[in-house]
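Novice: sequence and predicted structure below; questions after.
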Amino acid sequence: MPPLTSGFLHGVASFDPLPDAVLLWTRYTPAGATLGGTSGGRVVATRDGASDGGASDGGSVTLEWQVSEHPDFSSSVASGVASTDASKDWTVVVDTTGLQPARRYCYRFACGKERSVTGHTKTAPAGPTQELLFGSVCCSNWAFGRFHVYDLLARVDRLDFVLHCGDYIYEYSKGYYPSRLLQARHGLRPKHECQTLADYRQRYACYRTDPALQELHRRVPMIAVNDDHEIADEANTKGSVNHDGTRKEWEQRKRAGVQAYSEWVPVRGMTRGPGAELEGVHRTLQWGDLMTLLLVENRVSHHSPHVELDQTELYRQTALRDPSQWDEGAILEAKADLMRQLADPHRRLIGEEQVADVRADVAASVAAGRPWQVLLSQTVFSTILAPKLQETVHLQPRPLAWVCSKALKYATSTEKAGEEGARLARMYLGLGTAGAPMNPDAYDGYRAEREQVGRWVKPLFPFFLLSPWVEDALHAANPDTLRYCNLGRRGFVLHHVTQRRWHAEFHYVDSVRDKHYKHYCGAAFDVEAGSRGHVHSGLRYLAVLADGVRLDGRGCDEFRRCFLKTGVISQASGSAYAELGHTKVMVGVYGPRQSERRQGYSESGRLSVDVKVATFATRQRGVFGQSSDERELSSLLQTALEGAVNLDSFPKATADIWVLVLEAGGGELAVAATAAALALADAGIEMFDLVTACSVSRIEGRLLLDPSSDEAYREEGGLTLAVLPTSEEVTQLVSRGQWSSSELKEGLELALGGCAQLDGAARQCLRDAAAAAAAKAAAAEQQQQQPAAA
């Protein structure tokens, strides 16, 4: 069937709910329009091609709209008509008034006999309010992959609204960011960088063909602010780092980006059309007597150009020299000069008028007795000092420390990383050495204004996003302001707010490249009302079951994605890597070697198991030596393995089993046992049978096989079972919580079936390894015979 060429191709949406009103949005593509799109969806529709924002071509479309409390629209609470044309890019925005507070409504649009999908929205409360549930998102780049995060967020029940914190689109050309090598998704329109009104309109239309984004907008109202990429990277009052034209051309580009934003992401109080100004983004919304939300515009209205690090003395002292030639005294002097520039009182991010508004609105909210006054800052508000990477390499386990050290040398080498790459790496290493802020485009670069705003608003959930090793270094450099960081995953923050507590959960999808994805919760934090930003770890309680299916898409008796491989450590006698969902474990077996005298005499052999959890594997940081959890894992794992190994086959000797948990995503003991058994087999150590293990959790009376970490947090009871699959002999059983005899029987049967499934995968892994080794040996033999034949 050919794709539709007219109609409500970009869905419906609602924005900025008030107690008695909400903005309703849609776009209607008229019949006979010239469409600039791809097979992935229509992205631009005007009668005479892409509009340049000039006058209408003379045609217009009239739509009917309807609001009801009932999905079948058996009765209406509001209705009307609205018209649109090419000058508005065929978009319609209706400010629907006369609604009731804290009420859910259905809405739809119609053009003749054509109807849009039914949208769902909710108004804000007006009086006493006990709780609020909302999700926050930002930074959506089409080319990096599918919008699974929007899909997952749309499935969260009872959301009051979604808060979009900026970068709704990215203006880059295809292949710029991400590069063509990293590009995970095609179909971006236009392919070139956005410069004109037609470009920006086409980019928004492209994004809104995404089914996940359409569904999120259909189900939940959105409150949105802009960041820089709605116009250009690091946009400010005078230009952008990504704009090479004149000041006049910048003003034209800025007006184009702002107009398209006003058409596709409507903001209450912001003028739409050619005269749109981003000052309208600055507004204050109330959520009953619970919260005041302060939204500011911090990009093109008052944003002074930030300090360019590559123009500073600190850059010259670090980026232009090899680290072995750095002068520490000169670097500290350069840092002092940089800090003076960052503290310039004339440097502005949101401007005096918005600062005054924030002060007045916070004071009014406190006087009204609301417990929460929240400032949405599109840039990081807290101080984030650059990490001292060289000094934190030792925090990693020995094999990873070696890799990190090599990575540092590679990154700072002109020969390896190129001139520009090496200078950038040396600059950030220098910032860390000096103990200087790493991002002058955030509030760290506007310190005087931050002090003004910080008198009334305390940062709640400061976090920064970087890779695992750098995360450890960032934690070490920012112990007072940084509680959590994660760059490896895409996700959203779910906020549950009550009169006494603010609860935030960081939820992620495991992939944006694949069609299907899994979900997990990475962290949770709580803040008590009146504690002025004192953050402490919390418990996760987002529902993981929906209609008998877990949020990651698995049935109750299904495993996470499984990957097994042997021979991953060349120096070991045998080794294996196991990955089950987000749980990743590496095992190396060394020996058997002669037992040490201190171990005592024994005719049979011994196993010595040492489990280490990588510092970036969990939220628990800064643990030196073997923790109690690691010691317990080592003991449990040793017991599980000893029943499978023929210890008499290496008398008076010890086999050392080294286990590294690279990522703790749930079921670490079970995954480690399976990986260790494969490593022992890879080492050629005689075994009675392989060991396979799996975990089971009981949640809300249901048994779940192979629970993820967020499921295990909510379990009422749990167990881990290790068996020899052929004989079904149990080598380890660990039980948690309370179990009735019938529940325990069902749990063991589920776990035993899971172990049988894993056994098949483990044996296939060994067969594949043997076949690969045989093929390699045959190739080597053939290569040796060729010279002889010649």
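Specialist: Ah, there it is. No experiment lies behind these values; they were computed from the predicted model shown.
Novice: what ranges do the strands span in the stretch 1-150 of the chain?
Specialist: Using DSSP state E, counting those that start in this stretch, the strands of the stretch 1-150 of the chain run over residues 12-15, 22-27, 34-35, 45-46, 60-68, 78-85, 91-96, 104-111, 114-115, 119-122, 131-137.
Novice: would JSON lines of these with distance to residue 267 and mean neighbour count be doable?
Specialist: C-beta: built from backbone N, CA, C; applies to glycine. JSON lines is the format used below for the strands of the stretch 1-150 of the chain (distance: least, C-beta to C-beta, whole Å; neighbours: other C-beta atoms under 10 Å):
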{"stretch": "strand 12-15", "distance to residue 267": "7", "mean neighbour count": "24"}
{"stretch": "strand 22-27", "distance to residue 267": "8", "mean neighbour count": "25"}
{"stretch": "strand 34-35", "distance to residue 267": "28", "mean neighbour count": "16"}
{"stretch": "strand 45-46", "distance to residue 267": "23", "mean neighbour count": "26"}
{"stretch": "strand 60-68", "distance to residue 267": "19", "mean neighbour count": "18"}
{"stretch": "strand 78-85", "distance to residue 267": "18", "mean neighbour count": "15"}
{"stretch": "strand 91-96", "distance to residue 267": "10", "mean neighbour count": "20"}
{"stretch": "strand 104-111", "distance to residue 267": "19", "mean neighbour count": "20"}
{"stretch": "strand 114-115", "distance to residue 267": "27", "mean neighbour count": "14"}
{"stretch": "strand 119-122", "distance to residue 267": "16", "mean neighbour count": "22"}
{"stretch": "strand 131-137", "distance to residue 267": "17", "mean neighbour count": "20"}
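Novice: quick one: closest of those to residue 249.
Specialist: Counting by C-beta to C-beta, residue 249 lies closest to strand 45-46 out of those; the figure is 23.9 Å.
Novice: if we can go back for a sec, ok, of the strands of the stretch 1-150 of the chain, where does mean pLDDT dip lowest?
Specialist: Of all the strands of the stretch 1-150 of the chain, the minimum mean pLDDT falls on strand 45-46 (a mean of 34).
Novice: just to revisit the earlier point, including distance to residue 150, could the strands of the stretch 1-150 of the chain go into TSV?
Specialist: As requested, those are arranged in TSV below (distance: least, C-beta to C-beta, whole Å):
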stretch	distance to residue 150
strand 12-15	12
strand 22-27	16
strand 34-35	24
strand 45-46	23
strand 60-68	24
strand 78-85	25
strand 91-96	20
strand 104-111	20
strand 114-115	24
strand 119-122	15
strand 131-137	7
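Novice: point out where the stretch 651-790 of the chain drops to low pLDDT.
Specialist: Across the stretch 651-790 of the chain, the ranges flagged by pLDDT under 70 are 787-790.
Novice: hey, where'd the helices end up in it?
Specialist: Remark: helices assigned in the stretch 651-790 of the chain by DSSP state H, counting those that start in this stretch are 668-682, 709-713, 741-789.
Novice: can I get the ones you listed in a markdown table with distance to residue 452 and mean neighbour count?
Specialist: Shown next, in a markdown table, are those (distance: least, C-beta to C-beta, whole Å; neighbours: other C-beta under 10 Å):
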| stretch | distance to residue 452 | mean neighbour count |
| --- | --- | --- |
| helix 668-682 | 47 | 28 |
| helix 709-713 | 39 | 21 |
| helix 741-789 | 58 | 14 |
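Novice: with distance to residue 570 added, can I get the ones you listed in a markdown table?
Specialist: Compiled in a markdown table, the helices of the stretch 651-790 of the chain are given as follows (distance: least, C-beta to C-beta, whole Å):
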| stretch | distance to residue 570 |
| --- | --- |
| helix 668-682 | 12 |
| helix 709-713 | 31 |
| helix 741-789 | 14 |
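Novice: that concludes my questions; thank you for your assistance.
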